[in-house]
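S.K.: I would like the atomic coordinates for the input below:
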Amino acid sequence: MRAAQTHCKIRPMALGDIPQVMDIERESFPTMWPQTTYRKELKNKLARYLVAYEPLSDDMNAAAPPEEATAPLQRERGLSGLLRRLFSPVAATQERILGVVGLWCMMGEGHIVTIAVREAYRRQGIGELLVVAIMDAAQEAGQDGVTLEYRISNHGARKLYEKYGFMQVGVRARYYSDNQEDAVLMSTPPLRSSKFRTLLSERLAEQQARWGDEYPLDGPAAKLAGADAGLQP
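M.R.: Here you go, the predicted structure:
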């Protein structure tokens with residue numbers, strides 16, 4: 001399936017998304033144990049979880065497995081900014097969840113704790129869209145920077161993170177318990193630094209070109225990127 005065929009949107013994760021998100025997690029991290037306790041995480045005031053989703057047609061809905069009723073997660077102010085037109089209160093039963101990203105906000109430093117895309121929808125830019133969205137959420141939550149770690153063998157992840165200004169700041173030896181693989185620790189420059197604003201403005205323009213009207217540039221992250229790139233504040 002080509003990216004142009006996927007009608008992808010972003011919104012905060014809700015309780016009704018948990019079964020599909022767990023499927024994505026099991027598919028992406030089959031050796032991870034224990035699995036994420038999303039019911040607890042969605043109540044964590046220091047956590048931000050977003051999902052990428054594709055609205056389903058009525059025919060597809062009829063064939064979709066039943067989901068539990070969902071009460072939308074309290075929306076953060078920033079999530080109505082950059083991706084405002086991507087966000088929708090559509091019920092989880094009407095959607096296919098394509099990916100998930102999670103952030104913990106800790107003393108001014110946001111830490112990306114998970115990012116995963118459904119296997120059939122990878123290499124379409126959805127992972128990159130989730131990275132942009134969670135960085136927007138981080139700066140709206142008042143974080144000064146964002147950190148993450150990835151398996152040292154995951155060269156594709158490194159390439160994506162470097163594209164968004166992440167730099168290697170350390171290595172955690174034998175971090176992953178399943179195979180004792182090292183983890184590379186990466187961090188962004190200060191989110192409000194001129195270096196990051198310039199970089200983000202370039203990446204936002206690329207995303208707008210890729211997703212067209214589905215990716216507005218009129219929110220907080222566009223302001224953060226600055227007027228130098230011709231973005232509207």
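
S.K.: Sort out which residues of the helix ranked longest in the chain are buried, please.
M.R.: Ranked by residue count and defined by DSSP state H, the top helix of the chain is helix 194-211. For helix 194-211, the neighbour count (16 or more other Cβ atoms under 10 Å) marks F196, R197, L199, L200, S201, R203, L204, Q207, Q208, W211 as buried. Just so you know, the C-beta spots here come from the backbone N, C-alpha and C atoms, and that holds for glycine as well.

S.K.: That helix - contacts with which helices or strands?
M.R.: Helices and strands touching helix 194-211, by 3 or more Cβ pairs under 8 Å, 6 or more residues apart in numbering; DSSP states H and E, are helix 126-140, helix 220-225.

S.K.: the inter-axis angle of it versus helix 126-140?
M.R.: On the basis of axes from the mean of the first three to the mean of the last three Cα atoms, to 10 degrees, helix 194-211 is oriented at 140 degrees to helix 126-140.

S.K.: related to what we said a few turns ago, between the buried residues of helix 194-211, which is nearest T147?
M.R.: F196 (13.8 Å; Cβ to Cβ).

S.K.: contacting residues for the closest one?
M.R.: G165, T188, P189, P190 (Cβ atoms under 8 Å, 6 or more residues apart in numbering).

S.K.: Show the buried residues in the residues you listed.
M.R.: Using 16+ other Cβ under 10 Å, the buried ones in the contacts of F196 are G165, T188, P189.

S.K.: roughly how far is stretch 112-130 from the heart of the chain?
M.R.: 8 Å (Cα atoms, centre = their mean, to the nearest Å).

S.K.: Quick one: end-to-end distance for that stretch.
M.R.: Using Cα to Cα, to the nearest Å, the end-to-end distance of stretch 112-130 comes to 11 Å.

S.K.: ok so, going back, so which of the buried ones among the contacts of F196 are in strands?
M.R.: Using DSSP state E, no member of the buried ones among the contacts of F196 falls within strands.

S.K.: Adding distance to L42 and pLDDT, write these out as CSV.
M.R.: Listed next are the buried ones among the contacts of F196 as CSV, based on distance: Cβ to Cβ, whole Å; pLDDT from 0 to 100:
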residue, distance to L42, pLDDT
G165, 28, 92
T188, 25, 94
P189, 30, 92
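
S.K.: Cheers, nothing more for now.
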